[in-house]
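> What shape does this take:
(one chain, ligands or ions: 1)
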Amino acid sequence: MLKSGKDEIKADRSCLPNHVGIIMDGNGRWAKKRGLPRTAGHAVGVKVFKKIVFYAKDMGLKNLTVYAFSAENWKRPEREINRIMQLLDQMLDEALDDFMNQKVRIRFLGDRSRLGQKLLEKMELVTNLTAQFSDTTLYIALNYGGRQEIVSAARKIALDLKNGLITEDDITEENFGKYLYYDDLESVDLIIRPSGEQRLSNFLLWQAAYAEFWYSDVLWPDFTPGHLEQAIYDYQLRNRRFGGI
Ligand code: FPP
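Model prediction:
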């Protein structure tokens, strides 16, 4: 364990998880506790998101995936959905310079078919402008569902099989991964979920096969870099056996 001046817990930078996933949960409850509309929680959630992304980059994390909007989140009231999309749009405008300066590569993970044209264009722009960076990649899961990702891969495989581009024997674990949204998105090592919930909620199902989980009662708007340090510190104490002994 490394200790900072204030004796706070610091994770060991020499053995960081390669890929961390965060389910940014609890914005609505955070707002409700304060008598505010749920959307006020999302607005604070975006600020925390930015702080955590740049902190993760400073730590030296290679891959970070955040769950911004799930394929199931369309069940929410239209007003709330619109506000989340607007916050994302604004965040991309406001933080683009910082992402560029900090050399963070941004990629979007999910089904794009239901997203608005204007947002899609911005996503494309941000992806292209940051594509050259390789130290830290931020995957923003948007209209994402793990099952949907696997079904979409199965469809692409069926098509390749039908067109004679592959044979049944080509369908291996390794090749299957190449048909997912990103062929080079690596397995997730650690999934962090604040807000007291202890479930995966369709997040990175394929990539999470051997992920370690870290839960906390803290709500996302109250999540701090100290929580990230703690989660990674706890992860570093675990003994990962990947099915071995
Ligand atoms: C979870 O809180 C949050 C979401 C479903 C999506 C919105 C996430 C943010 C605004 C954070 C940063 C996002 C962007 C745009 C990059 P919840 O609404 O499920 O909270 P609850 O469980 O307390 O109701």
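> Next up, the contacts around residue 143.
Applying Cβ atoms under 8 Å, 6 or more residues apart in numbering, we find residue 143 in contact with 69, 70, 71, 73, 74, 110, 111, 112, 114, 115. All C-beta spots, glycine's among them, are computed from the backbone N, C-alpha and C.
> and residue 7, what pLDDT?
pLDDT recorded at residue 7 is 64.
> Now do the strands in this protein.
2-3, 9-10, 19-23, 63-70, 104-109, 136-144, 190-193, 212-215 (DSSP state E).
> Kindly state which of those is positioned closest to residue 164.
strand 104-109 (29.8 Å; Cβ to Cβ).
> what packs against the closest one?
helix 38-59, helix 117-130, strand 136-144 (3 or more Cβ pairs under 8 Å, 6 or more residues apart in numbering; DSSP states H and E).
> is it possible to export the ones you listed to TSV including distance to residue 17 and mean pLDDT?
Output for those, formatted as TSV (distance: least, Cβ to Cβ, whole Å; pLDDT from 0 to 100):
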stretch	distance to residue 17	mean pLDDT
helix 38-59	11	98
helix 117-130	22	97
strand 136-144	13	98
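> quick revisit: filter the contacts of residue 143 by proximity to the ligand?
69, 73 (Cβ under 6 Å from any ligand atom).
> Just the ones in helices from the contacts of residue 143, please.
Members of the contacts of residue 143 lying in helices (criterion: DSSP state H): none.
> Just the buried subset of the contacts of residue 143, written out for PyMOL, thanks.
To isolate the buried ones among these in PyMOL, judged by 16 or more other Cβ atoms under 10 Å, type:
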select buried, resi 69+70+71+73+110+115
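> what's the most buried one of the helices and strands packed on strand 104-109?
strand 136-144 (a mean of 24; mean count of other Cβ atoms under 10 Å).
> Only alpha carbons, please: show that strand as CSV.
Extracted in CSV, the C-alpha atoms of strand 136-144 (Å, rounded to 0.1, in the frame of the first residue of the first chain):
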residue,chain,number,x,y,z
THR,A,136,-5.9,6.0,-21.8
THR,A,137,-9.1,5.0,-23.6
LEU,A,138,-12.4,6.0,-22.2
TYR,A,139,-15.3,4.0,-23.4
ILE,A,140,-18.7,5.7,-22.9
ALA,A,141,-21.4,3.0,-23.0
LEU,A,142,-24.4,4.7,-24.5
ASN,A,143,-27.6,2.8,-25.4
TYR,A,144,-25.5,-0.2,-24.4
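> who's in contact with the top helix by length along the chain?
In the chain, assigned by DSSP H, the helix with the most residues is helix 78-101. Contacting residues not belonging to helix 78-101 are listed as 38-39, 42-43, 46, 49-50, 54, 68-69, 73-74, 106, 115-116, 118-119, 122-123, 126, 129-130, 138, 140, 142 [Cβ under 8 Å, 6+ apart].
> can you list the residues of the chain near the ligand?
So far as Cβ under 6 Å from any ligand atom goes, the chain lies against the ligand at 24-29, 42, 45-46, 49, 68-69, 73, 84, 87-88, 91, 140, 195.
> okay, the helices and strands packed on strand 104-109 in CSV with distance to residue 165 next?
Formatted as CSV, the helices and strands packed on strand 104-109 follow (distance: least, Cβ to Cβ, whole Å):
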stretch, distance to residue 165
helix 38-59, 38
helix 117-130, 27
strand 136-144, 27
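> most remote residue from the chain's center?
residue 164 (34.9 Å; Cα atoms, centre = their mean).
> Output the residue of the protein whose distance to the ligand is smallest.
Using Cβ to the nearest ligand atom, residue 28 is the residue of the chain that sits closest to the ligand, at 2.6 Å.
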